[in-house]
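S.K.: Fold the following.
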Amino acid sequence: MLLQFREYKRCLDMMSNSISLPPAGLLRRFGALIYDALIIIALEMMAAGVVVAILEALVALNVMSYGSYADVSDFLTRHPIWSYVYTFYLAAVWVYFFVFFWTRAGQTLGMRAWRLLIINEQDGNSISATQALIRLFTSGFGLANLTVPFDQQKRGFQDIWAKTKVVVLPKVN
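M.R.: Presented below is the predicted three-dimensional model:
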C-alpha cells in the first residue's frame, strides 16, 4: 500500500499545479465507508475472538473462573472493570485501523477500492497521526460527510477540522 501511495504521489508530482485531482463526492465516500465497515466488523470479530479464546483457556486450565457470571460474554459485558477494558480494547482496534492506513498509505482498503486518497490540505503530503485522530473523532461515524454537498470544496466536517482533503485518484493503467 505504501508503494501504491508513492506511485500516486509520483503521478501527482508529474502533474502541473494547474491540474488538480477532483475532490471526492458524497457517494464515493459512503461507498468506501461501507467497504471499511465490513472490514472493521471482521477485524473486531477476530479481536473479540482472541479475548474469548484466552479467557476460555484460562477457565479450562482453572486459572480463573467466571464466578457469578453465566459465561464469557456475560463476564466481558457486565464485569465492573473488565467490561471497560474490553470496550477500550475493541475501540483501540477500530482507531488503529484508520490511523494506520491513513498515515501510512493515505487510504484505507475501502478507499483504495473507490480510488480515494486523503492528503494534507496545505502541501498534498500524507496526513499526520494527529490529523488522522482529529478526522476520526470528528467524523461522527461517517455522518460528518453530509456537509460535502454544501461545501464549495466538497470537504466533510472532519476534513475542515483536520485540514485534510479527500481526492479521487486517476485510474492507473
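
S.K.: Give me the buried stretch members for the longest helix seen in the chain, please.
M.R.: Counting residues, the longest helix found in the chain (DSSP state H) is helix 26-60. By neighbour count on 16 or more other Cβ atoms under 10 Å, the buried set for helix 26-60 is 28-29, 31-33, 35-36, 40, 47-48, 51-52, 55. No exception for glycine: its C-beta is placed from N, CA and C like everyone else's.

S.K.: Same check on stretch 60-76?
M.R.: Buried residues in stretch 60-76 (16+ other Cβ under 10 Å): 66, 72, 75-76.

S.K.: Ok, stretch 106-119 next?
M.R.: Applying 16+ other Cβ under 10 Å to stretch 106-119 flags 106-112, 114-119 as buried.

S.K.: hang on, the earlier thing: and the helix or strand following the longest helix of the chain, what does it pack onto?
M.R.: Where DSSP states H and E defines the elements, the next helix or strand beyond helix 26-60 is helix 72-78. The contact analysis (3 or more Cβ pairs under 8 Å, 6 or more residues apart in numbering; DSSP states H and E) places helix 72-78 against helix 26-60, helix 82-104.

S.K.: could these go into JSON lines alongside mean pLDDT?
M.R.: Putting those into JSON lines (pLDDT from 0 to 100) gives the following:
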{"stretch": "helix 26-60", "mean pLDDT": "97"}
{"stretch": "helix 82-104", "mean pLDDT": "97"}
